[in-house]
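Asks: Sequence plus predicted model, see below.
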2 protein chains.
Amino acid sequence: MSDREHTDQPPELPATSWAVLGILSFGTELSGYDVKQWADQSLAYFYWAPSQSQIYTELRRLEQLGMAVSRVEQTHAAKSRRLYGITELGRRSMRQWSDEVAAEPVVLKHSQILRLWAAHNGDLDRLRESLAAYRDEALRTAEESGAHAVGARREEDWRFSGVALEWAERFYRDEAARIDWLIERLKGMR
Amino acid sequence: MSDREHTDQPPELPATSWAVLGILSFGTELSGYDVKQWADQSLAYFYWAPSQSQIYTELRRLEQLGMAVSRVEQTHAAKSRRLYGITELGRRSMRQWSDEVAAEPVVLKHSQILRLWAAHNGDLDRLRESLAAYRDEALRTAEESGAHAVGARREEDWRFSGVALEWAERFYRDEAARIDWLIERLKGMR
């Protein structure tokens, strides 16, 4: 720990830790529950939809590393919650990660296209139905991302988060359009 | 095992097992090395770029389940290789998977957009460079997928594989166009 503070290398952490530290880097003190809400309204659209327990694991890890700090807040007489904030070390590490650690490869595991690729094994009409349902879901996701992007534009600190959500809206609209193309492309095939 | 053959439920296997069985379902007897080539030229563009050792793990699993069968072929006096083929049980399972098992959610872990989302922590010029490099890579990937799609169109059995690769070509072209939009969108921001 004490060595860490004096090196110029950011610690080696999974990208999911950086994602949770990234949420704290917006500067608000947050409970594990709050972090999950933030993740569901931003990260989930382009990177990761963490479970509540994954978030607590990451928060504990960040606290052990001195990158986050927590305190217990008494909300009512019989109720309390633990709030997490980023430390100076956390900020410095976040900056090093942004500027010095190359982004890992983009991961795409497109189960719908996997099904298409293996479509000589099964019923093509069933595949078409599955694709149409996926297209509708992509359009809904596009709308949601767009709505969250509007929300993010309200705060100067969230400006890049807002652009990421605008990107997501485009991504899911393009995704839906590509599925429309695909359904058309499959016409007459068997 | 013997029970399995008489049930109507496909066995519960990770999607990566189905992907490898899917390669065998094209009907050619293949070595582990061949399977890797097939994966690199199709699956890798939309689902999974498996390592050689992951492929051997999956082939052994499929053989244990009776869904694949292997034999050793003596290629030269001092050289042999193990060839894998799909069994009737494998074909039936593949068909059940195609028709009865719902596709799992599409996974996108977009490390470039994660960096954008957290861009208030770092140097924006560095992010722009990283995005431009990723855009160029996406264009190269689009070209590769397009070339493999042309190859796949040569065989009637590969027709859906070919369409999947056409989809991948579009995906990576759209991806590059969205990054161009993003670089433009970031102009003047800091």
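Replies: It's in.

Asks: Whether stretch A:113-126 contacts chain B - can you check?
Replies: Yes. Interface with chain B: stretch A:113-126 contributes A:113-123, A:126 (CB under 8 Å from any CB of the partner chain). All C-beta atoms are positioned from the backbone trio N, CA, C, and that covers glycine.

Asks: residues in contact with that stretch?
Replies: A:127, A:130-131, A:182, A:186, A:189-190, B:15, B:18-19, B:22, B:25-26, B:42-43, B:46-47, B:91, B:94-95, B:97-99, B:103, B:157, B:159-161, B:163-164, B:167-168 (CB atoms under 8 Å, 6 or more residues apart in numbering or on different chains).

Asks: Kindly supply the PyMOL command isolating those of those residues that are buried.
Replies: To isolate the buried ones among those in PyMOL, judged by 16 or more other CB atoms under 10 Å in any protein chain shown, type:
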select buried, (chain A and resi 127+130+131+182+186) or (chain B and resi 15+18+19+22+25+26+42+43+46+47+91+94+95+97+98+103+159+160+161+163+164+167+168)
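
Asks: Out of the contacts of stretch A:113-126, list just those in helices.
Replies: A:127, A:130-131, A:182, B:15, B:18-19, B:22, B:91, B:94-95, B:97-99, B:159-161, B:163-164, B:167-168 (DSSP state H).

Asks: would you say residue A:85 is within a strand?
Replies: Yes. Using DSSP: H, G, I helix; E, B strand; the rest coil, the secondary structure at residue A:85 is a strand.

Asks: Give me the neighbour count for it.
Replies: Residue A:85 has 14 neighbours, counted by other CB atoms under 10 Å in any protein chain shown.

Asks: How about the secondary structure of residue A:73?
Replies: Strictly by three-state DSSP, residue A:73 counts as strand.

Asks: shouldn't it be in contact with residue A:84?
Replies: No. Counting by CB atoms under 8 Å, residue A:73 sits too far from residue A:84 to count as a contact (10.9 Å).

Asks: rewinding a little: from the residues of stretch A:113-126 next to chain B, list the buried ones, please.
Replies: Applying 16+ other CB under 10 Å to the residues of stretch A:113-126 next to chain B flags A:113-122 as buried.

Asks: Using pLDDT, spot the least trustworthy of these.
Replies: Minimum pLDDT across these is recorded for residue A:122, with 90.

Asks: dump the residue contacts of the residue lying closest to it once chain neighbours are set aside.
Replies: In space, and not counting its chain neighbours, residue A:122 is closest to residue B:98: 2.6 Å by CB to CB, 6 or more residues apart in numbering or on different chains. Residue B:98 is in contact with A:115, A:118-119, A:121-123, A:126-127, counting by CB under 8 Å, 6+ apart.

Asks: which one of the residues you listed sits closest to residue B:79?
Replies: Among the contacts of residue B:98, residue A:118 lies closest to residue B:79 (CB to CB), at 32.2 Å.

Asks: If I look at the most centrally placed residue in chain A, what pLDDT would I see?
Replies: When CA atoms, centre = their mean is applied to chain A, the residue found nearest the centroid is residue A:43 (2.0 Å). Looking at residue A:43, its pLDDT stands at 96.

Asks: Return the residues in contact with it.
Replies: Contacts of residue A:43 by CB under 8 Å, 6+ apart are A:19, A:23, A:49-50, B:114, B:117.

Asks: repeat that for 7 Å
Replies: Shown in contact with residue A:43 (CB atoms under 7 Å, 6 or more residues apart in numbering or on different chains): residue A:19.

Asks: how near is it to residue B:31?
Replies: 41 Å (CB to CB, to the nearest Å).

Asks: what about the strands in chain A?
Replies: A:68-76, A:79-86, A:107-109 (DSSP state E).

Asks: by contact count, what packs against the second one?
Replies: Using 3 or more CB pairs under 7 Å, 6 or more residues apart in numbering or on different chains; DSSP states H and E, the elements in contact with strand A:79-86 are helix A:15-24, strand A:68-76.

Asks: Can you give me the buried ones in it?
Replies: A:83-84, A:86.

Asks: which residues sit against it?
Replies: A:21, A:24-25, A:29-31, A:59, A:67-75.

Asks: Now narrow those to whatever sits close to chain B.
Replies: Applying CB under 7 Å from any CB of the partner chain, the subset of the contacts of strand A:79-86 adjacent to chain B comprises residue A:25.

Asks: Would you indicate which residues of the helix or strand bottoming out on mean pLDDT in chain A are buried?
Replies: In chain A, no helix or strand scores lower on mean pLDDT, DSSP states H and E than strand A:68-76, which sits at a mean of 92. Neighbour counts using 16+ other CB under 10 Å place A:68-70 of strand A:68-76 among the buried residues.

Asks: thinking again about what came up before, pipe the strands of chain A into TSV and attach distance to residue A:37 per row.
Replies: As requested, the strands of chain A are arranged in TSV below (distance: least, CB to CB, whole Å):
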stretch	distance to residue A:37
strand A:68-76	16
strand A:79-86	13
strand A:107-109	24
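
Asks: do you know how far the residue nearest to residue A:122 is from residue B:134?
Replies: Counting by CB to CB, the gap from residue B:98 to residue B:134 is 33 Å.

Asks: do residue A:82 as well
Replies: 38 Å.

Asks: And residue A:135, how far from chain B?
Replies: 12 Å (CB to the nearest CB, to the nearest Å).

Asks: Can you report how many residues lie near that residue?
Replies: By other CB under 10 Å, neighbour count at residue A:135 equals 18.

Asks: so it touches residue A:179, yeah?
Replies: Yes. Contact status for residue A:135 versus residue A:179: in contact at 4.0 Å, counting by CB atoms under 7 Å.

Asks: circling back to that earlier point, just flag the most distant two among the residues of stretch A:113-126 next to chain B.
Replies: Every pair of the residues of stretch A:113-126 next to chain B checked by CB to CB; the farthest is A:113 and A:123, at 17.1 Å.
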